[in-house]
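**Q** sequence first, predicted model second:
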Amino acid sequence: MKLPKVIHAICWAGLLLFSLGANASYAQSAGLVAFDDLSNEYGEAKVEINLSKQLLGLIGAFSKKENPELSELASNIESITVRVYNITDDAQAALNLIDKTTKHLRKDNWVPIVSVNEEGEKVRIFSKSTGEVMDGMVVMVVDTNSKEAVFINLVGQIDPARINDLTGALNL
């Protein structure tokens, strides 16, 4: 199964159920997680996305006329971080990062939404909420079959019912 489809399906499953390694940093925002860099183990990330509040504001401004919903969604997001690595036959560093991050997220009262442990696959999705609105979401996937490790952090006031609108509009 192609990893982007897996991530999309998992996000949907997580949203239906409820509606984010080591050295994780929760500095300014309750939803922020700084993942360890895996470039020493796997080389440069094949996909690296860092969308700040300012960049998301630009996206919102440019899309306001064409897509007012995207503009409104982007205005509530503080950052989107995505890292995708090609992993070698030794996925242990990526698996360790998932385990360490999971431990820190649970300690910081993040809610586990999805946990998958299958042969060749480990998936974790967590959310951090205040009331009905999520402050952050973390998606972590290691798929040894496709040899990819994916780490995603959405930060900001996230309406769970609208995540698909945002990720679809940004082609994530």
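**A** Perfect, I can see it now. Residues are numbered from 1 along each chain as shown.

**Q** can you pull the poorly scored residue ranges out of this protein?
**A** Residues of the chain meeting the criterion pLDDT under 70: 1-29, 160, 162-163, 165-167, 169-172.

**Q** that one: helices as residue ranges?
**A** Secondary structure of the chain, counting by DSSP state H: helices at 3-18, 39-42, 53-63, 68-75, 92-107, 163-169.

**Q** tell me who's in contact with the closest residue in space to Glu72 that isn't next to it in sequence.
**A** Counting by C-beta to C-beta, 6 or more residues apart in numbering, Glu72 lies nearest to Gly60, which is 7.5 Å off, once chain neighbours are set aside. In short, each C-beta sits where N, CA and C put it, glycine included. Contacts for Gly60 were tallied using C-beta atoms under 8 Å, 6 or more residues apart in numbering; they are 70-75.

**Q** pull out the buried members of these.
**A** 70-75 (16 or more other C-beta atoms under 10 Å).

**Q** list the buried residues in stretch 85-97.
**A** 85, 87, 91, 93-97.

**Q** mind checking how far His104 is from Val139?
**A** As judged by C-beta to C-beta, to the nearest Å, His104 and Val139 stand 15 Å apart.

**Q** neighbour count winner among those two?
**A** Applying other C-beta atoms under 10 Å to His104 and Val139 shows that Val139 carries more neighbours, namely 21 against 17.

**Q** who's the residue nearest to the more buried one when sequence neighbours are not counted bridged to?
**A** The shortest distance from Val139 to any non-neighbouring residue, by C-beta to C-beta, 6+ apart, is to Ile152 (4.2 Å). Beta bridges link Ile152 to Val82, Val139, judged by DSSP bridges.

**Q** between the buried residues of stretch 85-97, which is nearest Glu132?
**A** Leu97 (30.4 Å; C-beta to C-beta).
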